[in-house]
Structures are given as C-alpha cells and as structure tokens.
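Peer 1: Please work out how this folds:
(chains A and B)
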2 protein chains.
Amino acid sequence: MLRSRIKSFVGFSKVGTQHIRALATKPEFTELSPCTREILENAPASNTEVEINGWISSSRISKNVAFLDIKDGTTSEGIQCVVRPPSLLPADIKNGAGIQVKGTWSEGKGKQKYEVQVNANNNGKIDVLGPVEELFPMIKKDHTLQYLRTIPEYRWRDPSLAAILRFRSQVETTLVNFFDSQMFTKTNPPLVTASDCEGAGELFRIESNSMIPKKEQFFGKEAFLTVSTQLHLEVLCAALNRVWTLSPCFRAEESDTNRHLSEFWMLEVEISFINHVSQLTKFSEKMIKSVVKNLVNNHNGMGSNLINTIDKSNVDNMTQRWNMLLSKDWDSITYTKAIQIIQEAVDSKTAKFDTRPNWGDSLKSEHEKWLAGTYFQNPVFVTDYPLLEKAFYMKINEQQVEGELEPTVACFDLLVPDIGELIGGSMREHDIIKLKKEIERRGMDVTPLNWYLKLRENGTVPHGGYGMGFERLLQYLSCTENIRDVIPFPRSVDNCLC
Amino acid sequence: MLRSRIKSFVGFSKVGTQHIRALATKPEFTELSPCTREILENAPASNTEVEINGWISSSRISKNVAFLDIKDGTTSEGIQCVVRPPSLLPADIKNGAGIQVKGTWSEGKGKQKYEVQVNANNNGKIDVLGPVEELFPMIKKDHTLQYLRTIPEYRWRDPSLAAILRFRSQVETTLVNFFDSQMFTKTNPPLVTASDCEGAGELFRIESNSMIPKKEQFFGKEAFLTVSTQLHLEVLCAALNRVWTLSPCFRAEESDTNRHLSEFWMLEVEISFINHVSQLTKFSEKMIKSVVKNLVNNHNGMGSNLINTIDKSNVDNMTQRWNMLLSKDWDSITYTKAIQIIQEAVDSKTAKFDTRPNWGDSLKSEHEKWLAGTYFQNPVFVTDYPLLEKAFYMKINEQQVEGELEPTVACFDLLVPDIGELIGGSMREHDIIKLKKEIERRGMDVTPLNWYLKLRENGTVPHGGYGMGFERLLQYLSCTENIRDVIPFPRSVDNCLC
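Peer 2: Predicted structure coming up:
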C-alpha cells in the first residue's frame, strides 16, 4: 500500500509539472490531478512545482502577502497557499470558490508543515474555476445543523459534515475487510419483494409509473420495498454458510424523530451451523470492536478519514466512547435478569423510570439506556426475550428457566449507553413443524411465506443472524445527535428535498 | 492477514476439541465453528480431532468403507470423509443433507490432500442436521440454469451458482479496496427521489401502503425509485472531490431479455477537477484492470473465492478473457471515427450489418460488438457522440472537429467484445447558463432540477463521471450467459418469485 502510494506520487510529481507546461496547448490529460490527501501523504520535495485544486476554506489578505487555505474534501487537512504580492489574487476570492493554484511546494514557516509559494517570478498563478455569489450561504461558517439540512445541495461542503461522510466510508471499508477476513460472502438480497419480513406493516408499495393509470401490475402481483433482507439471507446462508449484506431498507414510519429514517442502510448477517445465541453475540462484539480498533489506530494519522475537524469537546466524547467500547468483554444477561435488575432499582429507589416493567413487558428506551449507560456503563447483550414480544421466525427455547413466566426465544438485543438498542438478532426456527405452528398461532397468512418454509424441508441446519442499522452505528460512533447528519440525503415523512 | 488466520486456526483446533468433549453437557458455544475454507487454508496437524459442518455433495458407499464429500459453500473445495465401517452412516444420507461429522484429520491417501477418518474407535460420529426429502430437486445434479431459476429458494446450493456469488463478493471487495487506495469516498446517494435523472421515463413510483387508500402522499409529493444516482453524486463530488457508490437502481423496462433487470446494482463514480474525458477513460480502465489482476492472481489459490467449479471450457473462456483485458492499453476512438470504420467495413464488404449507420445515428449493438470483438479484438472507448444521442447534463464540445456534422458531447462508452457497452460516462456541463439552455431546448421541466442547477451557482468546478452496471461486469468477467444468474434474486417484468 505504502509503496503504491509512493509510486503514484512519483507519477504526480512528473505529471504535475507536465500539466503546467502543457496547459497552453490544451493537452489530453490522462491522469487525475493529485488530490490533497495524496499530496499531503506523499509530500513533494521542496521547490517542486505543484498544482493544487480545491475550494477556499479561509483567506487572510494583508498589504504584502495573502494566505489562502485550500481544501478539497479528500481529507480534513487543507493546504496553505502564500501569495506574494496579493495582487496575484483574482477579484472573486471568497470562501467556497473552487480554485486552481500553481506554485512551488516548500517547508512551512509558521504552524504549517508545508505551504505553497505563489509568486510572480515562479509562474505562480491562481485561477477561479467556480466563483461563488454574494449570497452563497456557505461563505459564512457556524450555521446550525438544522439550517444546513434545508440546503441539501450545499450542506456537505461544511467541513464537519464532509468529515462524517469520510468517516462513513472508512467504517464501511473496514467492515468489508472484516467480513472478508472472516470468510463471509457479501451478497445482495432483493429490495423489491412480495413478502413482509417483520409483519409490522409499515411498507412502501411500488408500481411502474406507466402502469398505474392502466391499473396493471408490473411484477404480476403487489410488490413492496423490503423492510429487512433477513428471509432472503437465510436462503443464501443455506448455500454459502456465512453471508452478510449492507443493503438499503425502507420503512414507511410516520414518526419524525432524530433517530428514524424511511430509507436507511442495514447491515445483516446470517450464519449456518451455529447452535447458541452466544455465538452471535460474541461475533457481533468482535465485528464492532474491529471497526473501533481501526478508528482508534487511524485517529492520529495525517490525512486519515477521521473526524478531526469536529469541535474539540465532541472529539473527546468520541474517543472516550471508543475506548469504553474496547475496554473489556461485554456482559450478557437474560431478559428475565434485566427485568429483575430494573425492578430492584425501582424498588430501592436507585433509579427512576416512567414505568416499572413486569415480566412480559417490553423494555422501554429509558430502561435500555439505563441498563447500558448507568448499570453496566458498557454495552450489554440482553437475551431470551418473551416469545410474545418478538417475531415469528425466532427459535423458541425448549426449556423454561427459573423466573420465566412464559416461553422465551433464543434472541438478543445489543444495548449501548446513550442510544439503547443497536443490534437485534436471534437463532432462527429451522424446524418446519414448529415454524408453521407459530405462523398459524399468530394468524399470519402463510401463502407469501411458502418459499421460506420450503427452505426447512430440505437440508436445513441450525442457523441465526442479526441486523444493525448502519446509520445508527455511525451516529453512535461519531457522537452525532441527529441521524439525518450521517446519511447524504435523508428521507422521512414529508422529506424528500431533492 | 496470514498471521491472524493462523491464530484463528489455533483457536479452532482448541475449540474444536472442546466442542467434542463438551457436547454432552450442552455448553454455550462462544465461537463460530470453523468453516471449510478456514480448515483447508490452515490445515490442522494430522491426528487432530475435528468437527466438519456442511452439506453432502456426493457419496460413495461400499461394503467396508464409505466416502462422503462435504461442502459448506465458503469455498468450492470439499472435505472428504472416510467412514469405516459404513454402518456408522445414519440412514438418511442423501446429496444436499446438512450434516456434522466428527473424526480425525489425516493426510489423504489418494487424490485428496487431506481426509477425515471417521471410525468407531476414535469416537467418530456423523449427525444429519437437516435431512432432505425424496423429491428434493438438488439431489440430482446437472439441472439447466433455466430450471434452477424456477426454484429460487434452492438454486444457490448448486456449486457453480454458489461460486458465482463468491465471485461477486470477491469483485466487490476488490473494488472497495481499489477506490480506497485511490482516495475516493464511498457514499450512499438516495434511492427514493423526486427527480428522473435520465428522463427516460421508465420509473417505479413508490407510496406508503397505508396511504394509498387515503390518496395521501407520504413524502408530500410524488416519489420514485432512482434510475441513476449521478445527479446526487455530483452534489457530493462538489464537497469531497472523488466519490463513488455501488447502489441499487431500478428501471421499469418491460423488455424481458438475458441482459436486463428491473433491480440492479450500479457502480457510479464522480470526480472533480478533471478537464478531459480521457481522464475518465484511463481511470475506468485502471479500475477494471485492478479487478481482473486480482482475479488472475488469486485464480490458483486453494480455497480462493473463484469459479473453479465451473465446467472446464468456461474456465478457459474466462481466463482467455481476463488475459485479453490485461494484454495492452485500450484504444480510444471518436464516434465520428467509429462511424467511418463501420461504413468502410460495410462498403468493402468486410462486415455485414442489418444497418449501415450514418453520422448522427446511434451505434447499434451489432456495431458495438463488432468494433470491440472483431475490429479491435479488445475493449475500446468511443468518445464524443452527437449531442442529440445523449443526456442533457453532458458537456457540449466547444469546437467541432472534421467529420462532425453537428455538435458533440464530451462523453464515452466503453465497448467490450461479446457484450458491447459496459460503461458510459461524460464530463458534466458545469456552466449554469449552458445547462439551462440545453434543458430548455429539450423542453424538459426545470422545476424538479432546480437543486441540480443551484450546484452550478456556487463553487462549481469541472467534473465528470461514469456508471457501470455491476451485474453486467460480473456477467462479462464470469462468462455467464444470463444476467439473472449473477444476482441472488433477479427482478424483471412479471418476475418477483419470492
């Protein structure tokens, strides 16, 4: 990797010079111009002629000299250009303008490690490629995140938000390599489906726009956008053993909160030949820790894809959170134990909640956050919830354990401090007779699930898996308050701006 | 990587033994059972007790000994189990059954490098986890691909098809690492959109299922599934310089062919600060070559994610194709030159086509395939098509060149032998006045594109990008005839089986 970057930089140095010479004759450029991250990670030798492309992040102009900070979004770092005399500056220098600078690379004189000298006598030149208007909102900084959400075509030019998108990319890349190292097949289950996986009913229906007036059906039946790819992943794990996906999912929820999206990306995992939910909890812990380790290790690297533009206090929160996640093995308790702990806390007045849950009640967000944030002060797995609280496909535990009032299922939720549930998973019922019985008991229509039942007729094996909202993970790891700031173009009720 | 795999294998060896000892007392397993690929890549020492999970791929039973070939889908390789006496076999041994074998790892005696000895005196044991029924179609092999498409819940258990999904995963992983090395940000533009990027009209409309009877609009306006994420990617490349995505796209095309899908994955790239379409062609060539190099390098590795289960003749075709792709720099010609070459071939009777194209006509599939397959015998870029043939957002070339009868645009198609167009891309018009003029000239409604025009009002820079159907690439690289065999659950008109 390092070698290839250095090589590509040798390419840059040469090409950079050629560019400058050749500009007058309009050559056919055959390489990308080096981006800021490339240049900073493989700094040229002093006195090399360079070409810098980017947007003006800030400027300071005095009588004899002007300083421009140029960023191009490939890293949070900028490159300082020192312009002597300032008369070399074009008229329309404003924050946000896209520019191209030609000058000489040199050691920095002040805080800057490097700078680019733009002088009349070294053929230094500044071209404004894309000027900005007087009223361009991004000329000013420190807009509220709420305001920035109203200008989707510009908001990612804010350096803190741009850092979140680089962060998102880094987390995804880490996950791809983690699953590859664990010998999983990455796969793409369908988004258009005829089955409602969760049975929750918050579906989007889709139809060919040209067929709607004719009242015809493009797919020959009603078709919906998937709410979870799990059922289809189960087909694939019965062929490939270990599968995962990172795939868009859709929920027509009308709630308009800072943690719901109508279109979101879900990471789902399905694994054959496992026998106990603890294999899933341990594996999901390993997965998240692999991401966090990568973040911690890259945190100080120059040009890393990290959030080092975000305000200082948030960085402290973040690194504290990351260190907490890595500090020890995560605890695992049963739902029954969780109810006991919460009841004892209420009765001893150690904690205050709106409700005191009884066995069989669902854990509310206040309980989940308290368990992880206050009681364990660490992520905690809660397993073996009551059957009545969970979906039809979960494996029913054969034996009831002391304290359980009704049947439970072999499932888990991962609760983390501050946000509550991050992952949900379970063993899947692979016994066709039991699964059919449960579908009937719930009064569900079995017809659209016939293919799913068929899976159990032949070569079925014990298996299980889990799902994690990708934006929820990003929101948590980056200490971002609103989920709409970790996805490029958030969609929710009444919100499809462009 | 190697070190971590070896470590994980040390883990396996220990855990494997523990499993066997502990099974009687129903322990909480805390690790995944090692998969076949893990075991083969880190073969245990002879005489280690092992546990093998998988599905029976084939069996041979004689009087004194039985041979079972067990595969689990993590690699095309299987593990041979040698059972002495055959009476240790359970009754329901059939192809496709899910089983668990306990035995002793040993050096192979025949063609096999390794085998697992299952004997009564080493606590050898075979459990059928998931039996198959008499009528299970996958007991037999050599079904047609067409027939397999009718049983979507089982078809990926076919070893050749499973190999295609591993191949797909490998190609995606390679691309993720390629773009990471090139300092691109991977990003996720929205699938739900209010704009029709291509203006081709083959849209799916979406609406909340619960709002359809009430005739309300969930998003407060008509919303569609995206046909291309390009317009949104342009927003992001104006903040992050280099961006890419691999994202589902949807087209309500009613054509039912072996190369169309209604739901497919598209790789799209958008790059700022480029000035010429040749920067895009060179970069896309580099991208594809990086994938092919990875395939060639991993082709002979045991347990690699490759298609070495596919029949021999297809492997020869494939490797020939891969070598051709790497053999030299790809040519680039203008549309005008392409028309000349085709016309000359027709006139000299070197080639026969249904039509002889005139300047201004679109290149038909027969022309594209001939240019790449016969004339160049190599991939070839065709650039600078007539404006009237292409989309509104492409940059119009300022000067007409000899032979051009009308204005052309700075665009390219990548044509490859046998399949024709694989990639399409262009420079984008970043001059707001020219872009508006073109939108008006075409009589398009400008309102839904206002946000896209606004991008050009502030800090716009020269940029361009391209799109490639991911399944088209997979189909080409794996020599697969029908595109429906490279995506897990294909969707097309009247086709949404599960």
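Peer 1: what about stretch A:255-270, average pLDDT?
Peer 2: What stretch A:255-270 shows for mean pLDDT is 92.
Peer 1: What ranges in chain A fall below the confidence cut-off?
Peer 2: Scanning chain A for pLDDT under 70 picks out the ranges A:1-30, A:196-200, A:299-313.
Peer 1: Break it down into its domains, please.
Peer 2: The record, using automatic domain parsing to delimit domains, assigns chain A the ranges A:36-139, A:156-186+A:232-485.
Peer 1: Export these to CSV and append columns for mean neighbour count and distance to residue B:418.
Peer 2: For the C-beta atoms, the positions are set from N, CA and C on the backbone; glycine is no exception. Shown next, in CSV, are those (neighbours: other C-beta atoms under 10 Å in any protein chain shown; distance: least, C-beta to C-beta, whole Å):
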stretch, mean neighbour count, distance to residue B:418
domain A:36-139, 18, 36
domain A:156-186+A:232-485, 19, 27
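Peer 1: possible to save those domains as JSON lines with distance to chain B?
Peer 2: Output for those, formatted as JSON lines (distance: least, C-beta to the nearest C-beta, whole Å):
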{"stretch": "domain A:36-139", "distance to chain B": "4"}
{"stretch": "domain A:156-186+A:232-485", "distance to chain B": "4"}
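Peer 1: need these in a markdown table with distance to residue B:255, can you?
Peer 2: As requested, the domains of chain A are exported to a markdown table (distance: least, C-beta to C-beta, whole Å):
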| stretch | distance to residue B:255 |
| --- | --- |
| domain A:36-139 | 40 |
| domain A:156-186+A:232-485 | 25 |
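Peer 1: For residue B:412, which of those domains is the nearest?
Peer 2: The stretch from these with the least distance to residue B:412 (C-beta to C-beta) is domain A:36-139; that distance is 22.0 Å.
Peer 1: Which residues are in contact with residue A:359?
Peer 2: If a contact means C-beta atoms under 8 Å, 6 or more residues apart in numbering or on different chains, then residue A:359 has A:336, A:339, A:386, A:403, A:404, A:405 as its contacts.
Peer 1: for the closest residue in space to the first one that isn't next to it in sequence, helix, strand, or coil?
Peer 2: With C-beta to C-beta, 6 or more residues apart in numbering or on different chains as the criterion, residue A:336 has its nearest non-adjacent residue at 4.4 Å, and that residue is residue A:403. Per DSSP: H, G, I helix; E, B strand; the rest coil, the secondary structure class of residue A:403 is coil.
Peer 1: do you know how far residue A:403 is from residue B:38?
Peer 2: Distance of residue A:403 to residue B:38, given as C-beta to C-beta, to the nearest Å: 38 Å.
Peer 1: just residue A:451 next, same as before
Peer 2: Residue A:451 sits 31 Å away from residue B:38 when distances are taken as C-beta to C-beta.
Peer 1: Kindly report the same for residue A:216.
Peer 2: Applying C-beta to C-beta, one obtains 50 Å for the distance of residue A:216 from residue B:38.
Peer 1: Over to residue A:59. Which of the three states is it?
Peer 2: Using three-state DSSP as the criterion, the local structure at residue A:59 reads strand.
Peer 1: Could you pull up the residues touching the nearest residue to residue A:448 once chain neighbours are set aside?
Peer 2: Leaving aside its sequence neighbours, residue A:448 sits nearest to residue A:195 (C-beta to C-beta, 6+ apart; 4.8 Å). Residues touching residue A:195, when contacts are defined by C-beta under 8 Å, 6+ apart, comprise A:231, A:448, A:449, A:452, B:498.
Peer 1: what's the most distant pair in the residues you listed?
Peer 2: Put simply, by C-beta to C-beta the two of the contacts of residue A:195 set farthest apart are A:231 and A:448, 10.1 Å from each other.
Peer 1: Which helix or strand contains residue A:433?
Peer 2: helix A:432-441 (DSSP states H and E).
Peer 1: List the contacts of that helix.
Peer 2: In contact with helix A:432-441 (C-beta under 8 Å, 6+ apart) are residues A:392, A:393, A:396, A:429, A:446, A:449, A:453, A:456, A:457, A:460.
Peer 1: Let me know the secondary structure of the residue lying farthest from the centre of chain A.
Peer 2: Distance to the chain centre peaks in chain A at residue A:121, reaching 47.6 Å (criterion: C-alpha atoms, centre = their mean). Secondary structure of residue A:121, reduced to three states by three-state DSSP: helix.
Peer 1: show me what contacts it?
Peer 2: Residues counted as contacts of residue A:121 (C-beta under 8 Å, 6+ apart): none.
Peer 1: and what of the one 4 residues further on?
Peer 2: The neighbours of residue A:125, taking C-beta under 8 Å, 6+ apart as the test, are A:88, A:101, A:102, A:103, A:118.
Peer 1: same thing but at 6 Å, please
Peer 2: Shown in contact with residue A:125 (C-beta atoms under 6 Å, 6 or more residues apart in numbering or on different chains): residue A:102.
Peer 1: List phi and psi for it.
Peer 2: Recorded main-chain torsions at residue A:125 are phi -160, psi 140, according to degrees, to the nearest 10.
Peer 1: Just the helices from chain A, written as ranges.
Peer 2: Here chain A has its helices, by DSSP state H, at A:2-22, A:36-41, A:145-148, A:159-181, A:230-240, A:277-298, A:312-327, A:335-347, A:365-370, A:432-441, A:450-454, A:470-477.
Peer 1: For residue B:278, find the nearest of those.
Peer 2: Of all those, helix A:2-22 sits nearest to residue B:278, with 13.1 Å by C-beta to C-beta.
Peer 1: Give the bridge partners for residue A:70, please.
Peer 2: According to DSSP bridges, the partner residues bridging residue A:70 are residue A:56, residue A:79.
Peer 1: Isn't it up against residue A:54?
Peer 2: Yes. With contacts defined as C-beta atoms under 6 Å, residue A:70 counts as touching residue A:54 at a distance of 4.0 Å.
Peer 1: Dump the C-alpha coordinates for stretch A:441-452 into CSV.
Peer 2: Taking C-alpha atoms only, stretch A:441-452 is exported to CSV below (Å, rounded to 0.1, in the frame of the first residue of the first chain):
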residue,chain,number,x,y,z
ARG,A,441,-50.8,-19.3,16.1
ARG,A,442,-50.2,-15.7,15.0
GLY,A,443,-52.9,-15.8,12.4
MET,A,444,-50.4,-14.9,9.7
ASP,A,445,-51.1,-15.6,6.0
VAL,A,446,-48.7,-18.5,5.2
THR,A,447,-49.0,-18.2,1.4
PRO,A,448,-46.4,-15.5,0.8
LEU,A,449,-44.1,-17.4,3.1
ASN,A,450,-44.3,-20.8,1.4
TRP,A,451,-40.8,-20.4,-0.2
TYR,A,452,-39.4,-19.6,3.3
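Peer 1: Work out the gap between that stretch and the centre of the chain.
Peer 2: A distance of 33 Å separates the centroid of the chain from that of stretch A:441-452, by C-alpha atoms, centre = their mean, to the nearest Å.
Peer 1: What of stretch A:178-192?
Peer 2: For stretch A:178-192, the gap between its own C-alpha mean and the chain's C-alpha mean amounts to 16 Å (C-alpha atoms, centre = their mean).
Peer 1: Kindly report the same for stretch A:359-368.
Peer 2: On the basis of C-alpha atoms, centre = their mean, stretch A:359-368 is displaced by 27 Å from the centre of the chain it belongs to.
Peer 1: Please apply the same query to stretch A:464-476.
Peer 2: Relative to its parent chain, stretch A:464-476 has a centroid offset of 9 Å by C-alpha atoms, centre = their mean.
Peer 1: again with stretch A:348-359
Peer 2: For stretch A:348-359, the distance to the chain centre is 34 Å (C-alpha atoms, centre = their mean).
Peer 1: mind checking the end-to-end distance for it?
Peer 2: The first and final residues of stretch A:348-359 sit 18 Å from each other (C-alpha to C-alpha, to the nearest Å).
Peer 1: go on, stretch A:234-248?
Peer 2: Counting by C-alpha to C-alpha, you get 17 Å between the two ends of stretch A:234-248.
Peer 1: Run through who's touching it.
Peer 2: The list of residues contacting stretch A:234-248 from outside it, by C-beta under 6 Å, 6+ apart, reads A:179, A:184-187, A:189, A:229, A:233, A:265, A:267-272, A:463, B:35, B:72-74, B:153, B:156-157, B:162, B:191.
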